[in-house]
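**Q** got a predicted structure here, sequence first:
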Amino acid sequence: MPDGKKNPMLSSHLWIIYLLSIVLLVVIWYFQWVLGLIMTLLLGASFFYSIRTERTLQDEAEQYISTLSYRIKRVGEEALLEMPFGIILYNEDYTIEWANPYMNQFADDSLVGSSLQQLSEDLIPMIKENKDSIWFHLEGYEFQTTVKKQERLLYLFDRTKQAELQQLYHDDQTVLAFIFLDNYEEITQNMDDTSKSQLNSRVTEVLNKWSTSYGLYLKRTSQERFLAVGTKDILQKLEKVKFDILDEVRELSGEQNNPVTLSIGVGQGDVDLPTLGELAQSSLDLALGRGGDQVAIKDESGKVRFYGGKTNPMEKRTRVRARVISHALKELVRASDNVIIMGHKSPDMDSLGAAIGILNIAKANDVEGYIVFDPDDVDTGVYRLVDAIKEEESVWQHFIEPGEAESITGNRSLVVVVDTHKPSMVASESLLHQTEYKVVIDHHRRGEEFIDNPTLVYMEPYASSTAELVTELLEYQPKKLKLKMLEATALLAGIIVDTKSFTLRTGSRTFDAASYLRAKGADTVLVQQFLKEDLDLYIERSKLIERADVYRDHIAISKADEGTAYGPVLIAQAADTLLTMSGISASFVISERKDGRIGISARSLGEVNVQVIMEKMNGGGHLTNAATQIEDTTIDDAEKLLKDILEEYYEGREAE
């Protein structure tokens, strides 16, 4: 039609009816023309009415569709402009080309023409990383952004209330803590009732005041243990002040001339209460294993944070624990097919001496023992001792290489690890997975990395050396075999090296162990021969000392030449020597190693906790003696990282 409208079309069933009606009319006209005329008029009227009705319905439908399309288009425009979330179109240069009115509240002027960086510095990098969803903070709001990278389109949804609820849930998570009074039993055993009561009252008063000020629930469960219940928010406040309650209790003890300190194990995370309790107990065990006077915080992922640890652990006053451990070790040895002993990689005097001591325990109980020894991993500091052992056939025959050790280690073998507790540092890590029976004997403070499921653990951070611990264990073993002179000398050498000839980390038990070894034939002159150094090594060490600079007026930092590799013993000796210089309270020596890593040896007189500093560089050790090895870095970067950690360390101390 001229006006563009379509002819109204009757439905198919009406056409069929009309066709049948026409056939019928023809018959009627044939027999009765008057009736046929009337029926024809009626059929024509009906046909006209049908066409008119169809046209009316079609017009109404077209009008309805036209109106609906207009309304949908209008609603779309309204929605685009009035939606309660942000919509942004940007170009290839990440410049905003269009933004809906919702986004105008976040800009003094129009956002159009400005960079996405104006909203957040992290927005463009995250878009480039092909992230579909991005969270960022803007003007006090938390936005979850959906990215349509192909269309260069962003949808920004306000999730502020959701973030607030999540933060509230996070802050209100339950935190359990076990508080332990270190050495309480030893300290109070010689006190009269009045002194003991005064000490209890003062410690309890300080802890109650501390818990009240932070909103903790505190309950004393025994003379030396407390249970504390709080929230994640409270824990964060305690971490900000670095658990200053440790200092308060230590100062309180100092007034009474009694070295009472606290160890606190904290369990946190989105877990049930029994699991939280297990985390807290595990943290407390870790804090105590590191010498006490510190806080260990463990979450459900197993990650641990430490605070405190500023004092050297107090030496125990009883040999009961050594006797009990020695008896337990004897039973384990007797129940084993053989004993496989190994220390750490690049063994030192302490590691070798302790291994020889454990070998004698195996012999004393009529069980075959072997020491895992890699001849290609011998440092210059112990080669004289190794040469002497080779000449003693009855001892040397028990030294085997890692490959041979793997072939003779079975399910009923006992693996004894000495002078380390980290699986990554043992002479052959695969041996740890070949048997269920493992013993760890170590004098280092316990770190996060630890051998899985050990059968027996004897870790005493107060001890001077692992050789001292093993010597004590030997005293309670069967007296079937006499300790050979070379074996006793090796143990004594381990003690002398780790104590710097009885000048550092030396307690009364250290001298007791040395006296026992001397009585068994240990030769002090032979020890000095083992400890003699080559002139070339002395000159190399002097070069390292010459390169030292003084940092913060009392810290010596020496950095070796790039491309020159030094052994761990040499840089440790250089650090020891630097510590003897006037005005130096801590020393750090940095150099490349033969394995390509960067080694750092740290020493301290006790004012600086080098263990905490080295742990932040994936290392560990003692408060006064620690080290680390760093992969994929340079000497300059390692020095910068060390100085950054030292600055953070001193900022924390100065804030206390």
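**A** Yes, it's here.

**Q** okay, CA-based contacts and neighbour counts for the rest of this
**A** OK.

**Q** for the stretch 551-656 of the chain, give me the ranges with low pLDDT.
**A** Residues of the stretch 551-656 of the chain that meet the criterion pLDDT under 70 lie in 652-656.

**Q** quick one: the strands in it?
**A** With DSSP state E, counting those that start in this stretch as the criterion, the stretch 551-656 of the chain has strands at 555-559, 586-592, 598-604, 620-621, 625-630.

**Q** over to the stretch 101-250 of the chain?
**A** The residue ranges that make up the strands of the stretch 101-250 of the chain, judged by DSSP E, counting those that start in this stretch, are 133-138, 141-148, 153-158, 174-182, 217-220, 225-231.

**Q** put the alpha carbons of stretch 461-475 into PDB.
**A** In PDB, the C-alpha atoms belonging to stretch 461-475 read as follows (Å, rounded to 0.1, in the frame of the first residue of the first chain):
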ATOM      1  CA  PRO A 461      69.100 -23.800  72.800                       C
ATOM      2  CA  TYR A 462      71.000 -23.100  76.100                       C
ATOM      3  CA  ALA A 463      73.700 -25.600  75.200                       C
ATOM      4  CA  SER A 464      77.000 -24.400  73.700                       C
ATOM      5  CA  SER A 465      77.000 -27.100  71.000                       C
ATOM      6  CA  THR A 466      75.500 -30.300  69.900                       C
ATOM      7  CA  ALA A 467      78.700 -32.000  70.900                       C
ATOM      8  CA  GLU A 468      77.900 -31.000  74.500                       C
ATOM      9  CA  LEU A 469      74.400 -32.500  74.300                       C
ATOM     10  CA  VAL A 470      75.700 -35.700  72.800                       C
ATOM     11  CA  THR A 471      78.500 -35.900  75.500                       C
ATOM     12  CA  GLU A 472      75.800 -35.800  78.200                       C
ATOM     13  CA  LEU A 473      73.800 -38.500  76.500                       C
ATOM     14  CA  LEU A 474      77.000 -40.700  76.300                       C
ATOM     15  CA  GLU A 475      77.300 -40.500  80.100                       C
END
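
**Q** so for that stretch, what's the average pLDDT?
**A** Here the mean pLDDT over stretch 461-475 is 90, rounded to a whole number.

**Q** same thing with stretch 364-382?
**A** Within the predicted structure, the mean pLDDT of stretch 364-382 is 87.

**Q** again, but for stretch 525-538
**A** Summarised as a single mean, pLDDT over stretch 525-538 is 84.

**Q** and the contacts of it?
**A** Outside stretch 525-538, the residues that touch it by CA atoms under 8 Å, 6 or more residues apart in numbering are Gly381, Val382, Arg384, Leu385, Thr489, Ala490, Leu492, Ala493, Leu570.

**Q** at 10 Å instead, please
**A** Residues outside stretch 525-538 that contact it (CA atoms under 10 Å, 6 or more residues apart in numbering): 349, 380-388, 485-486, 489-494, 496-497, 524, 540-543, 566, 570, 573-574.

**Q** related to what we said a few turns ago, what's the closest of the strands of the stretch 551-656 of the chain to Gln268?
**A** In this view, the strands of the stretch 551-656 of the chain are compared for proximity to Gln268 by CA to CA, and strand 620-621 is the closest at 23.9 Å.

**Q** can you list the strands that that closest one pairs with?
**A** For strand 620-621, sheet partners with direction are given as strand 625-630 (antiparallel), following DSSP bridges.

**Q** for the strand it pairs with, C-alpha coordinates in PDB please.
**A** This file holds the C-alpha atoms of strand 625-630, laid out as PDB (Å, rounded to 0.1, in the frame of the first residue of the first chain):
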ATOM      1  CA  ASN A 625      75.500 -16.600  66.200                       C
ATOM      2  CA  ALA A 626      73.500 -16.900  63.000                       C
ATOM      3  CA  ALA A 627      73.800 -17.200  59.200                       C
ATOM      4  CA  THR A 628      71.800 -17.500  56.000                       C
ATOM      5  CA  GLN A 629      72.200 -18.400  52.300                       C
ATOM      6  CA  ILE A 630      70.300 -16.400  49.700                       C
END
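
**Q** in stretch 363-376, what counts as buried?
**A** When neighbours are counted by 16 or more other CA atoms under 10 Å, the buried residues of stretch 363-376 are found to be Lys363, Ala364, Asn365, Val367, Glu368, Gly369, Tyr370, Ile371, Val372, Phe373, Asp374.

**Q** just checking, which of those belong to strands?
**A** Among these, the members found in strands (DSSP state E) are Gly369, Tyr370, Ile371, Val372.

**Q** so what sits opposite the last one in the bridge?
**A** Applying DSSP bridges to Val372 yields these beta-bridge partners: Ile400.

**Q** what residues are up against it?
**A** Here Val372 is in contact with 340-344, 355, 398-406, 426-428, 431 (criterion: CA under 10 Å, 6+ apart).

**Q** and if you look at the second one?
**A** Tyr370 makes contact with 338-342, 355-356, 358-359, 362, 395-401, 405, 408, 415 under the criterion CA under 10 Å, 6+ apart.

**Q** from Glu406, how far off is it?
**A** When distances are taken as CA to CA, to the nearest Å, Tyr370 and Glu406 turn out to be 11 Å apart.

**Q** do the same with the third one
**A** Counting by CA to CA, the gap between Ile371 and Glu406 amounts to 12 Å.

**Q** tell me who's in contact with Gly447.
**A** Applying CA under 10 Å, 6+ apart as the definition, the contact partners of Gly447 turn out to be 286-287, 289-290, 304, 306, 421-422, 611, 615, 618-621.
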